[in-house]
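Let's see this in three dimensions:
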Amino acid sequence: MLVISDKVTWKRVKKGAIIVDLNSGNYFTLNETATRIWELLAEGKSLDEVQLSISGEFEGGTKEKVMADIQKQHDFFLTEGLFIKK
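Purely as a prediction, here's the structure:
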């Protein structure tokens, strides 16, 4: 299970989100799809559950392509320390 790091604050904005790493000052902007992935992971959803939700909410892409995109986003969030594993 992933949780948002204590060093991170974020806000949903029009068509996406802004995430700020309070320790480094780095900030990230997410598009609508990446924001939805962020929200679902923050809710404790598994990658398979995220894939089902994303596939139902957004058009385009095969199951494999959607899962690859989710995995890439998931890995980015972890690498940047925006989420931590619990």
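
Next, the residue nearest the centre of the chain: secondary structure please.
Centroid-nearest residue in the chain: Trp38, 2.5 Å away (criterion: C-alpha atoms, centre = their mean). Remark: Trp38 carries the secondary structure label helix [criterion: DSSP: H, G, I helix; E, B strand; the rest coil].

Give me the next element, helix or strand, following the top helix by length along the chain.
If you go by DSSP state H, the chain has its longest helix at helix 63-79. Next along the chain after helix 63-79, taking DSSP states H and E as the criterion, comes strand 83-85.

Quick one: distance of that next one to the chain centre.
Centre-to-centre, strand 83-85 and its host chain are 11 Å apart (C-alpha atoms, centre = their mean, to the nearest Å).

same check, this time on stretch 62-71
Per C-alpha atoms, centre = their mean, the centroid offset for stretch 62-71 relative to its chain is 13 Å.

Only the buried residues of it, if you could.
Val66, Met67, Asp69, Ile70 (16 or more other C-beta atoms under 10 Å). Where you see a C-beta, it was placed from the backbone N, CA and C, and this is true even at glycine.
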